[in-house]
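Q: Could you work out the structure for the sequence below:
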Amino acid sequence: MSLDPARLQNMANAIRALSMDAVQAANSGHPGMPMGMADVASVLWAKYLKFDPAQPHWPDRDRFVLSAGHGSMLIYSLLHLSGYDAPTMNDIRNFRQLGSPCAGHPENFLLDGVECTTGPLGQGLAMAVGMAMAERHLNSVFGDDLVDHRTWVVAGDGCLMEGINHEAIGIAGHLKLGRMIVLWDDNNITIDGATDLSTSEDIKARYTATGWHVAECNGHDFADIERALDEAVADGRPSLIACKTVIGKGAPNKQGTSATHGAPLGADEIAAAREELGWSAEPFVVPEDILTDWRATGERGRAASAEWTNRLTSSEHKAEFERRMAGDLPHGDAMKDYVASLIAEPVKVATRKASEMALAQINPRLPDTIGGSADLTGSNNTKAGGIEAMTADDYSGRYVYYGIREFGMAAAMNGMALHGGVIPYGGTFLVFTDYARGAIRLSALQQTRVIYVMTHDSIGLGEDGPTHQPVEHLASLRAMPNLLVLRPADAVETAEAWEIALKQKDRPSVLALSRQNLPQMRLEDAGENLSAKGGYRLSAAQAERKVVLVATGSELHVAAECAAKLEEQGIGADVVSMVCTELFDEQSSDYRADVFPADCLTVSIEAGTTFGWERYTGRDGLNIGMDRFGASAPAEQLFEKFGFTAEQIVPQIINKLNG
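A: Next up, the predicted model:
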C-alpha cells in the first residue's frame, strides 16, 4: 500500500485522537503508549502486516501481539479503523465500561484480532515466542503453501524489564525464530518516571547476546520505521527494533512524561493536542478520507487470504490441516485399548512413569502434540513415543528442551495453543508451578488447551526436602477458575487423566504425578472413563456404611488400607478417588450426594494442606493432611512421620465416630 507521509500522519493521528478520547471518557486508562506508537503501528498495518478483517481466523494471518497491554487503545483503534466488525465506535466510546469488549487490557475471548490476553507485562512477548514456534513447526509439516506468516509484537520498557523477558528471548534466539519481530516502544518512561530511576542495563546488547538481530529507528519518522522493518524482515534471526518514541506524542504539555502513562490527559490537554495535531474532528469521529485509507490497509491481506484458500482447497493436506487448526482429535479408541491392557496386566509404577507410558500411546497417534520440559526430561518422563527434538535446524521435531525456564515454557505453550494446530504439554516439578503461575493463570483466563505435567507431587519425592515438596500447591491451583487439577492414583487413572486433558478445548489441565511407585488400584474394566466424573466410588462398604474415605493420588491406596482395617472391625467404609475436584463439582447434585451421603463421616486423606477439603467433609468431618512444610528423608519415612499410614489414621476415625 503506497501512502505519502501526510496521509500516514493523518492515519496515525486517528489512533491518537481515539485513544485520548476513549481514556478521557472512561476517566481511566493509558493514553501515552498508543499515542507514542501510533506512527509505528500505522506503517506496520499499512505496509507489512498480513491480515484480513473479513477472515479474522484465517490460519495464515500474521499474529499481532500487543504485549504492552495497558496501551489497549492502540489495538482497539487499529481493529476498528482497519475494518474489523468489532470493536464498533460505540464499543470504543464505552472503553473500560461494563459490557464493552474494549476491556482495560485486551482479552482474546472478547475480540477477533486480539490474539492473546495481555496486561501482565512480558507475557505477551513470551506467548509470541510460542506462536512463532508453532508457525515454524506447522510450516515444516504443511509447507509454505499453507503456513508462512510472521509474529509481530509491540512491547514496552516494562515488558523488557520483567524476568520472563530473559527466558523468552533466550528460547527464541536459541531456536532462531526469524519470523518473530518485536517493536520496542523505547520511550524511557515507566509509571514512576524516567527509566533511569530503576535500570541502567544495555537492553540492545542483551538481545544481541541471546542471538537476536537488533535495529533501531526514529519511531516518528515513517521512512526510518520502514527501513528498520525491512532490515528485520530480511534477517534470519528474531528481531528487536528499538523504536525511539515520545510517550503521549501530540500532547504538547505532557508528552515525554509519565503524566501520560496511566491517566487521562484532561480536557484542556486534549484540546491543546487537537490543535497540535491539526485534528478538528469531534470526539469519536474519524474523517471519511482518513477512514478510507485505513480500510484499504486490509486489501493486501484480502487478496492473500483468497489465494491461500485456493491453495488449501487443492492441497492434499486439506482435511488434516483443517482438523488440526480446529483443535479436533482424530477418532480412535487407542486409550481404551491401552487401559484394557493395564487391567489385564496390572503395573506398580510411579504416576510420572505411568504418564510416560500413556504418552507412548498418545504421541505416535496424535501428531498435534508438542512436548517439553524445563530441564527435567528424565524426571518428568515427558519424552515418549519416539518424538524428537525441535531445533533451529529442524522445526519438525515435537519435543522442546526449554532449559531452566518454567515461566517462559508455560507462556510459550500458551502461545502455541493460541496459535492453533498444536497441543502443547510441558513438565517440571509441581512445586515449581510457583515459577509458572502467572502463565498458568493466563492459560485458564484465555481458555487454552495447555497440559502441565507436574511431577514430584508431594512429600513422597523424599530426600530433596521441604523446598521441593509441594504442600500448598494442590489447594492453590484448585482455587484457580477454569483449571483442571488432576491427581491420578495409578496407571489407569493416569491414562484417563491424559484422555480428559486432551479433550479440553477451552481449559488447561495440571497433571500432578508421583515420583514414588504406586500400586494399581483399578483392576476391573469399568467400561468408561471413571476419572471424567472427577470423583467416583472405587469400592463400596461391605459392612453397614459409616465412613466415606476420599483420597487422591498416592494416598488412595492408604485410604483403601484404612477401609480394610475398618471393615475388620465391622465399620463399613467406602473409598472414593477424587481425581479432579473441578470435574466432580460439575456433576449433578444427585451424583455428588450419592458419593458423599449425608449420614456418614467423611474423611479426606491427601499429602497436602487440608484447605478446601471441608467442602466435602463438612464441619464434622476429618481431614488428614499436611498443614506444615515437609522434611528431608526417604518417602516411606516421611509418610510415617506425618501420619499417612492406616495404623495412624484408623484410630482417629474410630475416635471421631465415638464422639
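Q: so where's the stretch 301-450 of the chain uncertain?
A: For the stretch 301-450 of the chain, applying pLDDT under 70 flags no range at all.
Q: in it, which spans are helices?
A: In the stretch 301-450 of the chain, the segments counted as helices under DSSP state H, counting those that start in this stretch are 318-326, 334-344, 351-365, 377-380, 406-419, 433-446.
Q: Which stretch among the ones you listed approaches Ala564 most closely?
A: Closest to Ala564 of the helices of the stretch 301-450 of the chain, according to CB to CB: helix 334-344, at 21.3 Å. Every residue, glycine included, has its C-beta placed from N, CA and C.
Q: show me where the stretch 501-650 of the chain has helices.
A: Counting by DSSP H, counting those that start in this stretch, the stretch 501-650 of the chain has these helices, from start to end: 556-568, 581-585, 589-595, 614-617, 635-641, 646-657.
Q: now the first one against helix 646-657, angle please.
A: It stands for helix 556-568. Between helix 556-568 and helix 646-657, the angle comes out at 60 degrees (axes from the mean of the first three to the mean of the last three CA atoms, to 10 degrees).
Q: same for helix 556-568, what does it pack against?
A: Counting contacts by 3 or more CB pairs under 8 Å, 6 or more residues apart in numbering; DSSP states H and E, helix 556-568 packs against strand 535-539, strand 545-551, strand 572-578, strand 601-605, helix 646-657.
Q: Now tabulate the ones you listed in a markdown table and tack on mean pLDDT, distance to Ser588 and mean neighbour count.
A: Conversion of the helices and strands packed on helix 556-568 to a markdown table gives the following (pLDDT from 0 to 100; distance: least, CB to CB, whole Å; neighbours: other CB atoms under 10 Å):
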| stretch | mean pLDDT | distance to Ser588 | mean neighbour count |
| --- | --- | --- | --- |
| strand 535-539 | 98 | 13 | 20 |
| strand 545-551 | 98 | 18 | 24 |
| strand 572-578 | 98 | 16 | 24 |
| strand 601-605 | 98 | 19 | 24 |
| helix 646-657 | 98 | 28 | 16 |
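Q: Can you list the buried residues in stretch 579-597?
A: Buried residues in stretch 579-597, counted by 16 or more other CB atoms under 10 Å: Val579, Cys580, Thr581, Glu582, Leu583, Phe584, Gln587, Arg592, Val595, Phe596.
Q: tell me the contacts of Ile425?
A: One thing to correct before we go on: residue 425 is Tyr, not Ile. Applying CB atoms under 8 Å, 6 or more residues apart in numbering, we find Tyr425 in contact with Thr369, Ile370, Gly371, Gly372, Thr382, Met413, Val450, Ile451, Tyr452, Val453, Ala501.
Q: Just give the strands next to the helix or strand bottoming out on mean pLDDT in the chain in its sheet, each with its orientation.
A: Using mean pLDDT, DSSP states H and E, the weakest-scoring helix or strand in the chain turns out to be strand 189-190, at a mean of 84. Using DSSP bridges, the strands paired with strand 189-190 are strand 193-194 (antiparallel).
Q: List the contacts of the following helix or strand past the partner strand.
A: Sequence-wise, the next helix or strand downstream of strand 193-194 (DSSP states H and E) is helix 203-209. By CB under 8 Å, 6+ apart, the residues outside helix 203-209 that reach it are Leu160, His166, Ile169, Gly173, Trp184, Val214, Glu216, Leu240, Ala242.
Q: In helices only, show me the residues you listed.
A: Leu160, His166, Ile169, Gly173 (DSSP state H).
Q: where in the stretch 1-150 of the chain is pLDDT low?
A: Scanning the stretch 1-150 of the chain with the threshold set as pLDDT under 70 gives 1.
Q: My understanding was that Ser506 contacts Ala444; is that so?
A: One correction, residue 506 is Asp, not Ser. No - assessed by CB atoms under 8 Å, Asp506 is found out of contact with Ala444, at 10.0 Å.
Q: Overlap of the contact sets of the two?
A: Common neighbours of Asp506 and Ala444, counting by CB under 8 Å, 6+ apart, are Asn482.
Q: returning to that earlier point: closest to Ala439 among the contacts of Tyr425?
A: Checking the contacts of Tyr425 against Ala439 with CB to CB, the nearest one is Met413 at 7.7 Å.
Q: Now Thr428. Nearest residue, chain neighbours left out?
A: The shortest distance from Thr428 to any non-neighbouring residue, by CB to CB, 6 or more residues apart in numbering, is to Ala374 (4.3 Å).
Q: list the contacts for that neighbour?
A: Tyr402, Gly403, Ile404, Arg405, Glu406, Met409, Gly426, Gly427, Thr428, Phe432.
Q: what about the first one, neighbour count?
A: For Tyr402, the number of neighbouring residues by other CB atoms under 10 Å comes to 24.
Q: cool, the last one as well?
A: The burial metric for Phe432, expressed as a neighbour count using other CB under 10 Å, is 21.
Q: does Gly298 really touch Ser82, like I thought?
A: Yes - in this structure Gly298 lies within contact range of Ser82 using CB under 8 Å: 5.5 Å.
Q: How many residues are close by Ala526?
A: 13.
Q: So what touches stretch 327-343?
A: Contacts for stretch 327-343 (CB under 8 Å, 6+ apart): 323, 358, 361-362, 365-366, 368, 420, 423, 449, 491-492, 495-496, 498-499, 502-503, 505, 520, 522-525.
Q: same deal with stretch 260-272?
A: 20-21, 23-24, 26-33, 35, 70, 189-191, 247-248, 251-254, 273.
Q: quick check, distance from that stretch to the centre of its chain.
A: 35 Å (CA atoms, centre = their mean, to the nearest Å).
Q: so for that stretch, what's the average pLDDT?
A: On average, the pLDDT along stretch 260-272 is 95.
Q: still on that earlier bit, which among the contacts of stretch 260-272 count as buried?
A: Buried by 16+ other CB under 10 Å: 20-21, 23-24, 26, 29-33, 35, 70, 189-190, 247-248, 251, 254, 273, out of these.
Q: So which of these belong to helices?
A: Met20, Asp21, Val23, Gln24, Ala26, Gly32, Met33, Met35, Ala273.
Q: which one is the first one nearest to, not counting chain neighbours?
A: Among residues not flanking Met20 along the chain, Pro31 sits closest, at 4.8 Å (CB to CB, 6+ apart).
Q: returning to what we had before: comparing the helices of the stretch 301-450 of the chain, which comes out most buried?
A: Ranked by mean neighbour count under mean count of other CB atoms under 10 Å, the helices of the stretch 301-450 of the chain are led by helix 406-419, which reaches a mean of 30.
Q: elements contacting that one?
A: helix 123-142, helix 163-174, strand 369-373, strand 423-429, helix 433-446.
Q: For those, give me TSV that also has distance to Leu3.
A: Converted to TSV, the helices and strands packed on helix 406-419 look like this (distance: least, CB to CB, whole Å):
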stretch	distance to Leu3
helix 123-142	27
helix 163-174	31
strand 369-373	40
strand 423-429	39
helix 433-446	34
